[in-house]
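Trainee: Would you be able to build a 3D model of this:
(one chain, ligands or ions: 1)
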Amino acid sequence: MSRTPRPQPGRALATGPQPPPDRATATGPQPPSCDDPFDLIRRHFSPKLALAGSFAGRGATEAAASGARVTLSDGRTALDFGSYAVALLGHRHPAVLAAVRAQLDVLPASTRSLANPVAARAAARLAGYLGADSAQRPLPKVYFGLNGADAVEVAVKLARLATGRGRVLAVRGGFHGKSLGALALTHSPLYRAGLLGTEADVVHVAADDAEAVRREAARGPGLAAVVFEPVQGENGAAVLDPAVLRRWCEDAHAHGAFAVADEIQCGLRRCGERSVALAAGLPVDAVLVGKPLGGGVVPLSAVVCAEELYAPLAADPFLHSATFGGHPLSCAALGPALTAIEELADHGRVLANLLDRALRELAARHAGLVGAVRGCGLLRGLDFTGARAAGSVVVGLAGAGLLVSPCLGRPTTVRLLPPLVSTEADIAEAAEILDAALTAATPAAPERTAPAAPRRTAPAPRPRL
Ligand SMILES: Cc1ncc(COP(=O)(O)O)c(C=O)c1O
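Mentor: The predicted structure follows:
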């Protein structure tokens with residue numbers, strides 16, 4: 001296997017920006033002496049990130065991608081069943097690329113003083129896609145952000161403004177992003193450590209506690225919203241009980257609070273339905289979508305919600321805005337992305353069944369290593385008997401040609417997120433690679449401490465940096 005060439009001293013000086021003479025001779029931090037990406041990542045991002053990337057790619061970087069496959073800088077290819085759920089349409093879906101290219105040629109950025117038709121049409125398309133006209137619970141209003149956390153923060157902000165109340169209920173194990181407002185709803189203490197105060201006015205309730213909303217609402221009139229993921233992606237593909245969620249929605253409404261379904265990971269057919277909550281008939285006031293909304297090409301997220309929840313923003317659209325919100329390049333991708341997702345929805349069900357069968361067979365064959373198969377649709381998790389085993393399998397799989405994602409909130413689960421554009425042969429190939437990796441993995445030794453995040457428990461990569 002070839003590796004990225006080692007740093008060539010002085011190369012950056014020959015081709016990159018020249019440091020001023022006094023800095024060139026200084027003893028303090030020096031500019032990079034080469035353009036080796038791992039050295040640059042180590043210097044400018046994090047040594048741990050460089051190490052993890054180097055280990056996963058066995059010294060190669062990601063270089064190109066098409067459909068379900070990524071090509072590495074050393075020419076190897078890997079099936080992408082990871083990408084943290086963004087690549088639902090695979091990479092560089094042609095219809096999405098064409099729309100983004102066309103937009104790039106005419107008006108990639110908005111003036112933000114003139115009306116932008118691309119964002120307006122995208123909003124109408126998305127609201128229609130999620131059933132804006134549904135008699136059950138119309139959700140005609142849209143806010144566009146770029147990341148999932150943007151959408152979460154706007155939904156919470158609107159719930160607080162619309163109710164004049166502060167308290168928000170979120171779910172244990174839930175993940176809603178890492179920016180400060182969204183982080184307050186994310187349950188894992190791993191990401192909240194050292195940030196005391198972010199959790200103000202957020203209460204995390206157990207996923208199986210059907211009485212939680214009623215009980216919390218009875219504590220006083222302060223409840224603004226309950227926010228849940230119908231399927232918790234980062235918590236190891238944990239499917240929440242729709243009967244509990246229904247009860248939460250109804251109790252929230254009975255107390256004048258809102259119910260918000262965060263489907264940034266599980267929505268848009270990742271789990272089979274356009275919206276898991278709406279398909280289950282849950283009377284939610286908002287559905288949050290993101291990740292594949294920009295077709296896997298451009299960043300885009302959205303709050304799609306009821307008039308009542310959106311009312312503060314309808315009254316004053318400047319209550320919340322962001323320079324790149326509703327960016328034309330991103331919004332141009334939305335229509336073709338939704339069209340492609342719908343065209344592939346039936347195929348997705350076939351893939352999901354195949355994957356389910358393959359994972360169950362693997363779990364049975366490697367029962368000492370794999371405890372359970374979790375999730376639904378194309379959001380699946382293999383739950384390992386220990387975090388160390390899960391971490392080493394994730395890294396080993398990447399080297400063997402299958403990219404998967406660890407779970408940020410459940411380090412014992414390895415997540416598989418095949419794109420809708422995968423073929424049946426891709427699923428079979430992934431199962432073969434998994435089988436070989438599981439066969440090679442030694443059963444996890446008893447672990448001395450509580451499970452830690454995979455990035456901390458993955459076997460130490462061979463030093464390369
Ligand atoms: C359910 C859910 N909500 C919110 C987020 C945050 O999204 P982003 O990382 O784009 O901010 C994620 C990210 O994984 C998620 O899975």
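
Trainee: and stretch 311-319, what's its mean pLDDT?
Mentor: Regarding stretch 311-319, the rounded mean pLDDT is 97.

Trainee: That one: end-to-end distance?
Mentor: 11 Å (C-alpha to C-alpha, to the nearest Å).

Trainee: Buried residues in it, which are they?
Mentor: Of the residues in stretch 311-319, those buried by neighbour count under the rule 16 or more other C-beta atoms under 10 Å are Pro312, Leu313. Using the backbone N, CA and C atoms, a C-beta is placed for each residue, glycine as well.

Trainee: chain center to it, what's the gap?
Mentor: The chain centre lies 28 Å from the centre of stretch 311-319; the measure is C-alpha atoms, centre = their mean, to the nearest Å.

Trainee: which residues sit against that stretch?
Mentor: Residues from elsewhere that reach stretch 311-319, judged by C-beta atoms under 8 Å, 6 or more residues apart in numbering: Lys141, Tyr143, Lys157, Leu158, Leu161, Ala162, Glu307, His320.

Trainee: and stretch 65-84, how far apart are its ends?
Mentor: End-to-end distance of stretch 65-84 (C-alpha to C-alpha): 15 Å.

Trainee: what helices or strands is the helix or strand where Arg415 lies leaning on?
Mentor: In this assignment (DSSP states H and E), Arg415 forms part of strand 413-416. Secondary-structure packing of strand 413-416 (3 or more C-beta pairs under 8 Å, 6 or more residues apart in numbering; DSSP states H and E): strand 379-384, helix 387-400, strand 405-406.

Trainee: what mean pLDDT would you report for the helix or strand following it?
Mentor: Sequence order places helix 424-440 as the next helix or strand after strand 413-416, per DSSP H and E. When pLDDT is averaged over helix 424-440, the result is 96.

Trainee: what do you get for stretch 383-399?
Mentor: 88.

Trainee: Report the secondary structure element holding the residue nearest to Val227 when sequence neighbours are not counted.
Mentor: Leaving aside its sequence neighbours, Val227 sits nearest to Val260 (C-beta to C-beta, 6 or more residues apart in numbering; 4.4 Å). Assessed by DSSP H and E, Val260 sits inside strand 258-262.

Trainee: Could you see whether the ligand lies near that strand?
Mentor: Yes: judged by C-beta under 6 Å from any ligand atom, strand 258-262 and the ligand are in contact via Asp262.

Trainee: Show me which positions of the following helix or strand past that strand end up buried.
Mentor: Using DSSP H and E, the helix or strand that follows strand 258-262 towards the C-terminus is helix 276-279. By 16+ other C-beta under 10 Å, the buried positions in helix 276-279 come out as Val276, Ala277, Leu278.

Trainee: any idea which helix is longest in the protein?
Mentor: Ranked by number of residues, the top helix in the chain under DSSP state H is helix 345-365.

Trainee: I'd like the average pLDDT over the very next helix or strand once past it.
Mentor: Next in sequence after helix 345-365, counting helices and strands by DSSP H and E, comes strand 370-376. Average pLDDT, strand 370-376: 96.

Trainee: For strand 370-376, give me every contacting residue.
Mentor: 231, 236-239, 271-272, 352, 356, 359-360, 362-363, 380-385, 412-413, 415, 438.

Trainee: Emit the PyMOL select command for whichever of those residues are buried.
Mentor: In PyMOL, this line selects whichever of the contacts of strand 370-376 come out buried by 16+ other C-beta under 10 Å:
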select buried, resi 231+236+237+238+239+271+272+352+356+359+362+363+380+381+382+383+384+385+412+413+415+438
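
Trainee: Mind putting the contacts of stretch 311-319 into CSV with neighbour count and secondary structure?
Mentor: Formatted as CSV, the contacts of stretch 311-319 follow (neighbours: other C-beta atoms under 10 Å; DSSP: H, G, I helix; E, B strand; the rest coil):
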residue, neighbour count, secondary structure
Lys141, 21, strand
Tyr143, 26, strand
Lys157, 18, helix
Leu158, 28, helix
Leu161, 18, helix
Ala162, 22, helix
Glu307, 12, helix
His320, 18, coil
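
Trainee: Count the neighbours of the closest residue to the ligand within the stretch 51-200 of the chain for me.
Mentor: Here the residue of the stretch 51-200 of the chain nearest the ligand is Gly148; by C-beta to the nearest ligand atom that distance is 2.2 Å. Neighbours of Gly148 under the rule other C-beta atoms under 10 Å: 28.

Trainee: follow-up on the earlier one: closest one to Val393 out of the contacts of stretch 311-319, please.
Mentor: Tyr143 (38.8 Å; C-beta to C-beta).

Trainee: Contact partners for the closest one?
Mentor: So Tyr143 contacts Ala151, Val154, Ala302, Val303, Cys305, Tyr310, Leu313, His320, Gly325 (C-beta under 8 Å, 6+ apart).

Trainee: Isn't the first one up against Ala261?
Mentor: If I follow you right, that is Ala151. No: under the criterion of C-beta atoms under 8 Å, Ala151 lies out of contact with Ala261, with a separation of 11.3 Å.

Trainee: Among the two, which residue is more densely surrounded?
Mentor: Shown here are Ala151 and Ala261; by other C-beta under 10 Å, Ala151 has more neighbours (31 against 28).

Trainee: Would you mind identifying the next helix or strand past the helix or strand hosting that one?
Mentor: Per DSSP H and E, Ala151 falls inside helix 148-163. Under the assignment DSSP H and E, the closest C-terminal helix or strand after helix 148-163 is strand 167-171.

Trainee: Mind listing what's buried along the following helix or strand past that next one?
Mentor: Next in sequence after strand 167-171, counting helices and strands by DSSP H and E, comes helix 180-183. The neighbour-count check on helix 180-183 (16+ other C-beta under 10 Å) flags Gly181, Ala182, Leu183 as buried.

Trainee: Stretch 362-378 now?
Mentor: Applying a neighbour-count criterion of 16+ other C-beta under 10 Å, one finds Leu362, Ala363, His366, Leu369, Val370, Val373, Arg374, Gly375, Cys376, Gly377, Leu378 buried in stretch 362-378.

Trainee: which of those residues sit farthest apart?
Mentor: Greatest spacing in the buried residues of stretch 362-378, by C-beta to C-beta: Leu369 and Gly377 (24.0 Å).

Trainee: The ligand contacts on this protein?
Mentor: 84, 147-149, 152, 175-177, 229, 233-234, 262, 264-265, 290.
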